[in-house]
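> quick one, fold the following:
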Amino acid sequence: MMTKSSALILGGHYAALSIARSLGNRGITVYCHDQNPNAVTLRSRHVKRFCPGTSRSELLEEIKALSDRAGEKPILYITADTFLTFISENGRELRSYVRYPYLDDELINILVDKSKSERIFEKSELRIPKTWLIDGEISTAPKHLPTQTVIKPLLQTDWTQNSEAMQITNDRKVLRFDNPALAQSTIHKMRPFGAMAVQEFVPGDDKNLYYYVGYRAADGQILASFTGRKLRTLQEGMGSETLLSSEGADDVAQLGMSVLKKLNIIGPAGIDIKRNAETGELFVIEVNHRFGLSDGILTSAGIDLPMIYYRDMCGEQIEPVIRHRTDINWVWLEPELRLNSQSFLKLIKCMASLLTLALRGRLCVNEFAISDPLPGLGPIFDRLMERVGKGLRHA
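Next comes the predicted model:
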């Protein structure tokens, strides 16, 4: 490698950990920004905290100052939709100070806003679930909803950053109903919190959900292609994965690459895809134009996505990696431990099964790395203390 430019990650949640570790292990200086000073990636030994808690306008000025001090353009990584919006709004100015692959600010806005993304999916002839858009003010849900319905905000932060909204949803970011009348009443309750997408639920459980990750260069060449199957999610049959397995589903990979090309995505993208359990048809559920929660599995499967991104931004020639190991399991440890913490025996069994996979070299733990233990020790300690506390209260 000819250069070791510094890197700046915007967003310090779990998606940033694999980036920080990949780059940090190669001696690359990594800065990480998050408004939450306790964000998990800020515990990593590989990162330097970058102006946590600042506003968006202050962040822009801090990035300019960082670039000026370095005498070069740091390479910018995005791990959250809020920062995609930030770079789309400030793209013309930012490109003078940092390097990133995103070329189309309008496409960024389209993929962040579900009302716009649904339209571009249909225009690109991508198969998506039947969808209705509720603007929160004028439009209404159809009188006859499907038997199984999914409701989600067009902008996730409309719910997640509103305590009243999250109280109604019981801290869920996506809602699923088997009762059309209950779905209608919930749509009415959520109307004050912004626009929503109402979708027909595609039949199938967690194991019908796939996660495709790709990286497409500015010349149109696909430099990375990965396919995984979701084994367990936070909400059954949809939502963020807690267990993921690398797989070689060729039809899913072909669909993923087709999405990158049809939407003219340049840079990284994670695509949620679901196979209809009754017909076998594949549906595009969501496209995230950034690094995602479980992208750490790619490195364990033989695709170092953060370094592909880095080298592409440094102008290096890169050999495409579209084949990968198919026996890797990824786990988001914190919710897995939380789900099993009701019983001490279940907690021990969960940890033992994960340890067995780890000893066989087939497990990638989202939070934990031997050379960078602090991000992973926190959730383990918290769950054990939770069990000890419950035990003492019942003693």
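> quick one: residue 232 and residue 243 touch, right?
Yes. Taking contacts as C-beta atoms under 8 Å, residue 232 lies within contact range of residue 243: 4.1 Å. C-betas here are computed from N, CA, C, even on glycine.
> can I see the domain layout of this structure?
7-100, 130-200, 203-331, 333-393 (automatic domain parsing).
> show me what the host helix or strand of residue 245 is packed against.
Here residue 245 sits within strand 238-246, counting by DSSP states H and E. Counting contacts by 3 or more C-beta pairs under 8 Å, 6 or more residues apart in numbering; DSSP states H and E, strand 238-246 packs against strand 209-216, strand 222-235, helix 296-300, strand 329-331, helix 333-339.
> so which of those is nearest residue 126?
Residue 126 lies closest to strand 209-216 among the helices and strands packed on strand 238-246, at 12.6 Å (C-beta to C-beta).
> pull up the pairing partners for that closest one, direction included.
Sheet partners assigned to strand 209-216 using DSSP bridges are listed as strand 222-235 (antiparallel), strand 267-275 (antiparallel).
> quick one: distance of it to the chain centre.
On the basis of C-alpha atoms, centre = their mean, to the nearest Å, strand 209-216 sits 11 Å off its chain's mean C-alpha point.
> what angle separates it from strand 238-246?
For strand 209-216 against strand 238-246, the angle by axes from the mean of the first three to the mean of the last three C-alpha atoms, to 10 degrees is 70 degrees.
> report the rounded mean pLDDT for strand 209-216.
Strand 209-216 comes out with an average pLDDT of 96.
> what's the answer for stretch 285-300, then?
93.
> can you check stretch 326-339 too?
Here the average pLDDT along stretch 326-339 is 84.
> worst mean pLDDT among the domains of the chain?
For the domains of the chain, mean pLDDT drops lowest on domain 333-393, to a mean of 74.
> for the residue most central in space within the chain, what are phi and psi?
Centroid-nearest residue in the chain: residue 292, 2.9 Å away (criterion: C-alpha atoms, centre = their mean). Main-chain torsions, residue 292, degrees, to the nearest 10: phi -120, psi 170.
> for it, which non-adjacent residue is spatially closest?
Computed as C-beta to C-beta, 6 or more residues apart in numbering, the closest residue to residue 292 that is not its neighbour in sequence is residue 270, at 3.8 Å.
> so that neighbour bridges to which residues?
According to DSSP bridges, residue 213, residue 288 are recorded as the beta-bridge partners of residue 270.
> pretty sure it contacts residue 288?
Yes. Contact criterion C-beta under 8 Å: residue 270 and residue 288 qualify, at 4.6 Å.
> hey, what's in contact with both of residue 232 and residue 243?
Counting by C-beta atoms under 8 Å, 6 or more residues apart in numbering, the residues touching both residue 232 and residue 243 are residue 336.
> surely the residue nearest to the centre of the chain is in contact with residue 286?
No. Applying C-beta under 8 Å as the test, residue 292 and residue 286 come out as separate, 10.3 Å apart.
> the stretch 251-395 of the chain: helices as residue ranges?
Using DSSP state H, counting those that start in this stretch, the helices of the stretch 251-395 of the chain run over 296-300, 305-313, 333-339, 344-359, 374-393.
> reformat the ones you listed as a markdown table; add mean neighbour count and distance to residue 67.
Below are these laid out as a markdown table (neighbours: other C-beta atoms under 10 Å; distance: least, C-beta to C-beta, whole Å):
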| stretch | mean neighbour count | distance to residue 67 |
| --- | --- | --- |
| helix 296-300 | 24 | 28 |
| helix 305-313 | 23 | 14 |
| helix 333-339 | 19 | 34 |
| helix 344-359 | 14 | 40 |
| helix 374-393 | 14 | 27 |
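> what about the nearest residue to residue 273 once chain neighbours are set aside, how many residues nearby?
Leaving aside its sequence neighbours, residue 273 sits nearest to residue 210 (C-beta to C-beta, 6+ apart; 4.4 Å). By other C-beta atoms under 10 Å, 24 other residues sit near residue 210.
> gap between residue 210 and residue 290?
18 Å (C-beta to C-beta, to the nearest Å).
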